[in-house]
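Visitor: structure here, sequence nowhere to be found:
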């Protein structure tokens, strides 16, 4: 099972962290630039969230495009294509983690939660050198993250 | 069992207090953070030694700091203690807990930029060592040892505290 | 969750308040500084709270405040707050703290009767809630250090932020 890349975004759409372990198709052939790639990714799951909420057959239908309020419980957490699987975690604080893996990866929600609670919280938010809201790439964080991803067999 | 709280409270308080004093220019930040630590160190030493016999020689006091005090405050003991037997002690903590999360972006591999990057981590560490140094100094003072305490962390979280006993 | 002996925390906090009084001299400036520091702590603290308590989105303000009072205070300060005195609209309430580690063994010095010693808590709550899109005002209306038998925080909901697409569509 392979891990392709990972993105961390905040509510404002800032890409706080990006790493690619393996990305056979270069960014230039895809979105064009890293900035566009990140914006597209953000736009993708933002739309997917609203779409998922609107299409939810079990709840009052919200019209497509209606702004979401806090408390909207329905969120998507992954989608799969024949080539890759995209895993998504969003915390109520607006932190979004996107992990792209090979398509045979299982449900990685618990692992994303671990990355959020045990790696991001401990290595980034409690780092005195870090200012919240800014992109980060501190060594302790990257070391722990890579180690964890490797340990999952990715 | 004494009242407990989450370690996060202390971690974030220490982090923010250094940052807050660093953001203002009304008073020299290091002096203020030092004063905070010194007072706290005295109070902690008072509590930790309330029910025990007085400690005598400076060496005994330093050993107490390296073991019991370090354990209570920094959750482990000092890893290595050296002295020149003339009033200077070097306390080495290989994984100093209060620097454990301090981390910066990776340095470039070599050259002048790399050296600068390494220097800047050590400098940043110094800001965050003021409080612990003052805690130690305060504790020593309460226990009858008047000393200067400084610390260096060239490669955090490994850290060396130097205690220099002031001549009477 | 790693726990420590609270006295290191409360003594450091107390020492810091004393230092702020000496450095700022003006008590209302100290109160403001404590709130600001609390805010900066709160915006870092919230994610640990959300991750460790596995809190998904809360349905409404009431539910949110309940979680703060029961789960939040327990997780960090090892105490709980009671939630009472809701207004009719459900936008204002009180958090009653009978037991607050920050005030253990604390006595306000002379000339500091206007000091809101625990104002950092107001900042923490405000900062943490802001990160989950809830804008609030938080202040102490009763204080054990100023003669009351409990401390009471008044929490007021100001507004909720909507999830908005942050980029302009034509970018």
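Guide: Perfect, I can see it now. None of the values given here were measured: they were computed from a predicted structure.
Visitor: just give me the residue right at the centre of the chain.
Guide: Let's take chain A. With distances taken as C-alpha atoms, centre = their mean, the residue of chain A nearest its centroid is residue A:98 (1.8 Å).
Visitor: actually it's chain B I care about, not the one you picked
Guide: With distances taken as C-alpha atoms, centre = their mean, residue B:132 lies nearest the centre of chain B, 2.7 Å away.
Visitor: specify the beta-bridge partners of the residue lying closest to the residue nearest to the centre of chain A once chain neighbours are set aside.
Guide: Among residues not flanking residue A:98 along the chain, residue A:7 sits closest, at 4.3 Å (C-beta to C-beta, 6 or more residues apart in numbering or on different chains). C-beta here means a position set from N, CA and C on the backbone, and glycine is covered the same way. With DSSP bridges as the criterion, residue A:7 is bridged to residue A:18, residue A:98.
Visitor: count of residues packed around residue A:7?
Guide: Residue A:7 has 21 neighbours, counted by other C-beta atoms under 10 Å in any protein chain shown.
Visitor: show me which residues of chain C are close to chain A?
Guide: Residues of chain C lying close to chain A by C-beta under 8 Å from any C-beta of the partner chain are C:43-44, C:46-48, C:50-52, C:54-60, C:131-134, C:160, C:162-167, C:171.
Visitor: distance-wise, check residue B:97 relative to residue B:157.
Guide: Distance of residue B:97 to residue B:157, computed by C-beta to C-beta, to the nearest Å: 7 Å.
Visitor: so who does residue C:142 touch?
Guide: C:148, C:150, C:151, C:152 (C-beta atoms under 8 Å, 6 or more residues apart in numbering or on different chains).
Visitor: next up, phi/psi of residue A:152, please.
Guide: phi -80, psi 0 (degrees, to the nearest 10).
Visitor: correct me, but it touches residue A:111?
Guide: Yes - between residue A:152 and residue A:111 a contact is recorded at 6.1 Å, counting by C-beta atoms under 8 Å.
Visitor: neighbour-wise, which of the two wins?
Guide: The neighbour count for residue A:152 versus residue A:111, taken as other C-beta under 10 Å, is higher for residue A:111 (19 against 13).
Visitor: wait, isn't the more buried one in contact with residue A:145?
Guide: No - the criterion here is C-beta under 8 Å, and residue A:111 misses it with residue A:145 at 11.2 Å.
Visitor: any idea how far residue A:95 is from the residue of chain B found nearest chain A?
Guide: Taking C-beta to the nearest C-beta, chain A has its nearest neighbour within chain B at residue B:103, 3.6 Å off. According to C-beta to C-beta, residue B:103 stands 19 Å off from residue A:95.
Visitor: check residue B:157 too.
Guide: Using C-beta to C-beta, residue B:157 is found at 26 Å from residue A:95.
Visitor: where along the chain do the helices fall?
Guide: Let's take chain A. Secondary structure of chain A (DSSP state H): helices located at A:34-55, A:109-114, A:139-151.
Visitor: to clarify, I was referring to chain B.
Guide: Assigned by DSSP H, chain B shows helices spanning B:7-23, B:29-48, B:58-64, B:70-74, B:112-142.
Visitor: for chain C, list the residues in contact with chain B, please.
Guide: For chain C, the contact set with chain B under C-beta under 8 Å from any C-beta comprises C:1-9, C:11-13, C:15-16, C:18-19, C:22-24, C:33, C:36-37, C:40-41, C:44-45, C:48, C:75-78, C:101, C:104.
Visitor: any regions of the chain where pLDDT drops low?
Guide: Because you didn't say which chain, this covers chain A. A:59-74, A:154 (pLDDT under 70).
Visitor: sorry, I should have been clearer: chain C.
Guide: Applying pLDDT under 70 to chain C flags residues C:168-171.
Visitor: would you tell me which helix is longest in it?
Guide: Secondary structure of chain C per DSSP H: the longest helix is helix C:27-53.
Visitor: downstream neighbour of it in the secondary structure list?
Guide: The helix or strand immediately downstream of helix C:27-53 is helix C:61-67, counting by DSSP states H and E.
Visitor: in that following helix, what's buried?
Guide: Going by neighbour count (16 or more other C-beta atoms under 10 Å in any protein chain shown), the buried part of helix C:61-67 is C:61, C:64, C:65, C:66.
Visitor: now, of the contacts of residue C:142, which are buried?
Guide: With burial judged by 16+ other C-beta under 10 Å, the buried subset of the contacts of residue C:142 is C:151, C:152.
Visitor: make a markdown table out of the contacts of residue C:142 and add secondary structure.
Guide: Output for the contacts of residue C:142, formatted as a markdown table (DSSP: H, G, I helix; E, B strand; the rest coil):
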| residue | secondary structure |
| --- | --- |
| C:148 | coil |
| C:150 | coil |
| C:151 | strand |
| C:152 | strand |
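Visitor: ok, so of the contacts of residue C:142, who is nearest residue B:4?
Guide: Distance to residue B:4, by C-beta to C-beta, is smallest for residue C:151 among the contacts of residue C:142, at 20.0 Å.
Visitor: if we ignore the residues flanking it in sequence, what's nearest the closest one?
Guide: Nearest non-adjacent residue to residue C:151, counting by C-beta to C-beta, 6+ apart: residue C:97, 4.4 Å away.
Visitor: dump the residue contacts of the one you found.
Guide: C:73, C:79, C:81, C:150, C:151, C:152, C:153.
Visitor: switch the cut-off to 10 Å
Guide: Each residue near residue C:97 by C-beta atoms under 10 Å, 6 or more residues apart in numbering or on different chains is listed here: C:69, C:73, C:77, C:79-82, C:103, C:118, C:121, C:140, C:142-144, C:150-153.
Visitor: kind regards, and thank you for your time.
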